[in-house]
Structure formats: C-alpha cells, structure tokens
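Asker: Task: produce atomic coordinates for the following.
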Amino acid sequence: MTAIRAVPHPSESGLPALKPTDLADPALWAPKPIQIIDAATSHLGLRYAIAPGWRPLTLDLHLPLRSNGPTPVVVYAHGGGFSGGIKEMGPWSKLPSQGIAVATIDYRLTGEVCYPEPIEDVLAAIRWIRANAETYNLHSDQIAGWGSSAGGYLMARAALCDDISPGRPIGDHVNHTARLSAVVLHYPVTDFATLVGDTIQPTASAHNDAIDVISRFFGAPMSASEDILAGASVPSAARRASHLPPTHLSHGDADQRCGLRQSTRLHETILAEGGSSLMNIVAGANHADPVFSTPPVVESAVKFLHSVWEQNTPISSTTPSPSKDRPGQ
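Answerer: Numbering: from 1, shown residues only. This next block holds a predicted model:
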C-alpha cells in the first residue's frame, strides 16, 4: 500500500522563489520614483521579500526631498485587525517634511497566514531597509518602528525579538539585524489574554468580535490557545528581551476596542525592566480616532524620535548573539 505523503509547507518545496529580475522587464520591476506627497520622493511597490507560496511583499519608501547626509527612517505597519488595512494608511505623511524617511509596509493577513508569521514580515522589512540603506541614503543606525493597532502589536514584537525568529524567516537579508533604535506605538494590541477584559463596557457583539479577531490571528479558538496567548504578549517579550528600544505610546482613554490598559501595562513593564518609555494618554479618544493623525499627537512622537537619534547610538548591521545587555541586567 502506498504511503500517504504529507503536503509540504510552501517554504519546504525545494523550488526557489522567482525574483522580479528573472522574467520581468526591468522597466516594470524598478519603476522610477515619483512625487505624490509633500516634500518627498516616493519609490512605490519595492519588493522586500518573496516567499514561496505567497504574494511578493512590498513597501513604499518616501524619502525627504531635502536631506543633509544619511536620513533617519521610520518603518510603519498599518492597523486593520490583522485581517485588513493597506500600507497607505497611517499618520506618517508629514514625516518627510520633517526630515524623516518613511517605509510603509504590506504584511500577510489572517486570510493568508497565522501567528507568528506576520511578525516575520515586519522583521524582513526592517532588514531590507538596513541592507539597502546606502542605496537610498538612509541612516542604518537610525531605523525606528511605528505601528498602529494590529500593526503596533507586530512592530512591538519585532522590536523585542532580539533577532530570534518567532516563525519562518523570509527575505534575502536574514544575516542583517532587525534591531530598532526606537518604537512608536498608537493604540496597540499588546496582550491578547487581557484584550477582552480591558475593553470598556463591551457589547455582546464587540465581545464576540474581539474573540474572533484573536482566534483568526492564532488560527485556533481563543479558548484552546491560552498558553500561546501568554507567550505572545508584548509585556512578556519585553521581560525576555536583551534589547529594549526607547518606546513612545499614544492611546485614547475612551478606546472601546483595545482598552488603555493594553498600553499602560506595556509602559509599566518597560520601565520595570530598566527601559525608557513615554506614555501619551489622549483624552476622549476612541480606537483609531482621527486625532492620532493630528499635529499635537504626531509631533510628540517626532520630538521623541529626534531626541533618541541625537544620541547617535550605533547598531551593528549584522545579527548579534542574544545576551542580556541592558543596564542593570
């Protein structure tokens, strides 16, 4: 009787992923930069990772028109409940006018993969930026992460993984470090185990929606994933991490989808672990409130980033060996 052969994971197929340069006209896979937002030159649809079995993952890179030397850069991950959203979303469009480049990234959604693979996408994007820093005149020691809601979770986990892959690494630059110089998080999910309980007076529908978001992201019913949820929390990752980048959190105190405690708990953990964290509580703001794209909120984060970059702390371009190297550890 013939044995039934297991279906291999796409990454184990043995077939190399086609690169854009293999069959495409160069004019199509390397389009010229354009100007579409104020004070920036934009390179759209740059492929940062091509994994067998999935669509190519892309980013848009927006470079300041005026730059004196290598430019600091923010890698931005959009929100959307892990199942939606696009890289054009977010509060980042004015950053190039303030001398900051922005790379807005696609990542795989819950209709494609489950936890922890989207974190690997964020790591691959950060590594691509570092590997291509010289090409685009970017400062490889001044790469910060920024994420909103679901993207905030992914960016926070990427920032705290110490270059230890939580899933299957993708991209061509796995030997480059994905360490970040700083992290900005807007109303992030940080702890799935407490997400429902942190919600302000949830309706039955909102309660079920939160459970469904969690179950889709982990690919299993929430009730069957308790151990995984505990290990997936951002505060737990902060307690494990040897590299704690300075963090700036903004969260509304009227958030009805992702309660304020999701951010304050992470803020308290980072401080308890000897790290640096600033907490900006936005009065009256609900989840994904338009106020998070207004100058007062954005400029607070920009001021924070510049204060970190002024210290000019070097980050090795290659993957470091994990070690507890924080002060006081």
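Asker: which stretches of the chain have low pLDDT?
Answerer: Scanning the chain for pLDDT under 70 picks out 1-21, 317-329.
Asker: As a check, name the ranges of all helices in it.
Answerer: Counting by DSSP state H, the chain has helices at residues 20-23, 26-29, 117-131, 150-159, 192-198, 204-218, 226-232, 234-240, 261-272, 295-309.
Asker: and those, which is most packed in?
Answerer: helix 150-159 (a mean of 28; mean count of other Cβ atoms under 10 Å). Just so you know, the C-beta spots here come from the backbone N, C-alpha and C atoms, and that holds for glycine as well.
Asker: Show me what that one is packed against.
Answerer: Secondary-structure packing of helix 150-159 (3 or more Cβ pairs under 8 Å, 6 or more residues apart in numbering; DSSP states H and E): strand 71-77, helix 117-131, strand 138-148, strand 182-186, helix 234-240.
Asker: Out of these, flag the one nearest Phe217.
Answerer: helix 117-131 (8.3 Å; Cβ to Cβ).
Asker: which secondary structure elements does the closest one contact?
Answerer: When contacts are defined as 3+ Cβ pairs under 8 Å, 6+ apart, helix 117-131 packs onto strand 40-49, strand 57-64, strand 71-77, strand 101-105, strand 138-148, helix 150-159.
Asker: how far out from the middle of the chain is that helix?
Answerer: Distance of helix 117-131 from the chain centroid (Cα atoms, centre = their mean, to the nearest Å) equals 8 Å.
Asker: do the same with stretch 217-228
Answerer: The answer for stretch 217-228 is 22 Å, by Cα atoms, centre = their mean.
Asker: what about that stretch, start to end distance?
Answerer: End-to-end distance of stretch 217-228: 11 Å, with Cα to Cα, to the nearest Å as the criterion.
Asker: ok, residues contacting it?
Answerer: Contact with stretch 217-228 is made by 82, 110, 114-115, 192-193, 211, 214-215, 229, 232, as judged by Cβ atoms under 8 Å, 6 or more residues apart in numbering.
Asker: please redo it, this time with the cut-off set to 7 Å
Answerer: 82, 110, 114-115, 211, 214-215 (Cβ atoms under 7 Å, 6 or more residues apart in numbering).
Asker: Can I get those in JSON lines including distance to Leu271?
Answerer: Formatted as JSON lines, the contacts of stretch 217-228 follow (distance: Cβ to Cβ, whole Å):
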{"residue": "Phe82", "distance to Leu271": "28"}
{"residue": "Thr110", "distance to Leu271": "32"}
{"residue": "Cys114", "distance to Leu271": "32"}
{"residue": "Tyr115", "distance to Leu271": "27"}
{"residue": "Ile211", "distance to Leu271": "31"}
{"residue": "Ile214", "distance to Leu271": "27"}
{"residue": "Ser215", "distance to Leu271": "32"}
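Asker: and the spatially most central residue of the chain, what does it touch?
Answerer: Residue closest to the average C-alpha location in the chain (Cα atoms, centre = their mean): Met155, at 2.6 Å. Contact analysis of Met155 by Cβ under 7 Å, 6+ apart lists 77, 122, 145-147, 183, 185.
Asker: now do 8 Å
Answerer: Counting by Cβ under 8 Å, 6+ apart, Met155 makes contact with 75, 77, 122, 145-147, 183, 185, 188.
Asker: Now distance to Ser307 too, for those residues, in a markdown table please.
Answerer: Converted to a markdown table, these look like this (distance: Cβ to Cβ, whole Å):
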| residue | distance to Ser307 |
| --- | --- |
| Val75 | 19 |
| Ala77 | 22 |
| Val122 | 24 |
| Gly145 | 16 |
| Trp146 | 15 |
| Gly147 | 20 |
| Val183 | 14 |
| Leu185 | 17 |
| Pro188 | 21 |
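Asker: Put the buried members of these into a ChimeraX selection.
Answerer: The ChimeraX selection below is limited to those of these classed as buried (16 or more other Cβ atoms under 10 Å):
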select :75,77,122,145,146,147,183,185,188
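Asker: which of the contacts of Met155 lies closest to Ala27?
Answerer: Nearest member of the contacts of Met155 to Ala27, counting by Cβ to Cβ, is Val75, at 27.3 Å.
Asker: got a list of what the closest one touches?
Answerer: Val75 neighbours (Cβ under 8 Å, 6+ apart): 103, 105, 122, 125-126, 129, 143-146, 155, 180.
Asker: 6 Å - rerun?
Answerer: Val75 makes contacts with 103, 125-126, 145, as judged by Cβ atoms under 6 Å, 6 or more residues apart in numbering.
Asker: Name whatever forms a beta bridge with it.
Answerer: Ala103, Gly145 (DSSP bridges).
Asker: gap between it and Ser149?
Answerer: 16 Å (Cβ to Cβ, to the nearest Å).
Asker: Now render the helices and strands packed on helix 117-131 as TSV, adding distance to Thr313.
Answerer: Formatted as TSV, those follow (distance: least, Cβ to Cβ, whole Å):
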stretch	distance to Thr313
strand 40-49	25
strand 57-64	22
strand 71-77	12
strand 101-105	19
strand 138-148	7
helix 150-159	15
